[in-house]
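A.B. asks: Here you go, sequence then predicted model.
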Amino acid sequence: MGDDQAITHTIGITGATGGLGGRVAARLARRGIPQRLIVRDLNRAPELPGASAAMAPYEDMPAFERAVKGADTLFLVSATESADRVDQHISAVDAAVAAGVTRIVYLSFLSAAPASTFTFARDHFYTEAHIRSTGVAHTFLRPSFYLDVLPHWADDSGVIRGPAGQGRVAWVSRDDIADVAVAVLTEGAAHDGASYDVTGPEAVTMGETVERLSTLTGKTVRYVPETWEEALASRRPTGAPEWEVEGWASSYAAIASGEMDVVSATVPHLTGHPAQSIEGFLRTHPSALNHVYA
């Protein structure tokens, strides 16, 4: 029944110009499911069969309400990190509800809580709380750190530095997250009210992570531990605002705290295939570390 319900209704998709939303939109298009792609730049919207595009930033409530009108389900990808990200999310959620959206699938984050060590995860907690407060049917996807982004944690000399200690993280691929999202979006009410941790198949330390990156690519990748203060000091020369610097450093601190030491069966349970490992990812993305020693 879920598939039939999804096929006869339009799904609103945000983030379709990005790495995660784009994957979800492409998968839904292959299934022939009607979509409304809500983007900030119409020129960047992917051209997909069965999809229309509308331009609306999250913070523009009237525009977002017009853009999502006619969709009964919304896949809400979290906005780019910013000082007002929660306000952007609240605006988009309220506009969607006003437009008649009856179900929101929100891309949250693992261990989202009001006092999460990873400061950006706090935004997700408050967004989840607001979505609940509207009474709209909802499902929260809480992925771990992206396996696809992991190679870019290494600088050009192959060094990953941060205060991760001996904590563990179950890196997850965006392909796996997209497959989970499509399952949830197309199976209807079966997932209403659920929150799913979405992780890779095993949790590893940063030391184990760089060892695998090195072994599989032939490039020497090293992990250099930092204290919290060292992590802040090493990132401040970028000129980024302090909230962003703290966000970057706290991603490692969240690993050290144990908040990322979670391995879930969500990927195999909802997609029917195993979650991708570091080895599997690098076999299919052999150029992922091309920037190191380039």
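C.D. replies: That came through fine.
A.B. asks: which residues in the stretch 101-250 of the chain form strands?
C.D. replies: Secondary structure of the stretch 101-250 of the chain (DSSP state E, counting those that start in this stretch): strands at 103-107, 137-143, 159-162, 168-169, 195-198, 204-205, 222-225.
A.B. asks: Partner strands of the longest one, with direction?
C.D. replies: Partner strands for strand 137-143, per DSSP bridges, with pairing direction: strand 103-107 (parallel), strand 195-198 (parallel).
A.B. asks: gap between that strand and the chain center?
C.D. replies: Centre-to-centre, strand 137-143 and its host chain are 11 Å apart (CA atoms, centre = their mean, to the nearest Å).
A.B. asks: same deal with the first one?
C.D. replies: Here strand 103-107 is found 12 Å from its chain centre; the criterion is CA atoms, centre = their mean.
A.B. asks: Send me it as CSV with only the CA atoms.
C.D. replies: Provided in CSV are the C-alpha atoms of strand 103-107 (Å, rounded to 0.1, in the frame of the first residue of the first chain):
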residue,chain,number,x,y,z
ARG,A,103,4.4,14.2,6.4
ILE,A,104,8.0,15.4,6.9
VAL,A,105,11.0,13.1,6.6
TYR,A,106,13.8,15.1,8.1
LEU,A,107,17.6,14.5,7.7
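A.B. asks: quick one: average confidence on that strand?
C.D. replies: Taken as a whole, strand 103-107 has an average pLDDT of 98.
A.B. asks: Could I get the phi/psi values of Met55?
C.D. replies: phi -100, psi 130 (degrees, to the nearest 10).
A.B. asks: number of nearby residues for Glu47?
C.D. replies: Counted with other CB atoms under 10 Å, the neighbours of Glu47 add up to 8. Bear in mind the C-beta positions are built from the backbone N, C-alpha and C, glycine included.
A.B. asks: thinking Tyr252 is in contact with Gln166, fair?
C.D. replies: No - using CB atoms under 8 Å, Tyr252 makes no contact with Gln166, being 11.9 Å away.
A.B. asks: Out of these two, name the residue with the larger neighbour count.
C.D. replies: Shown here are Tyr252 and Gln166; by other CB under 10 Å, Tyr252 has more neighbours (28 against 12).
A.B. asks: who are the neighbours in contact with the more buried one?
C.D. replies: 162-164, 206, 226, 231 (CB atoms under 8 Å, 6 or more residues apart in numbering).
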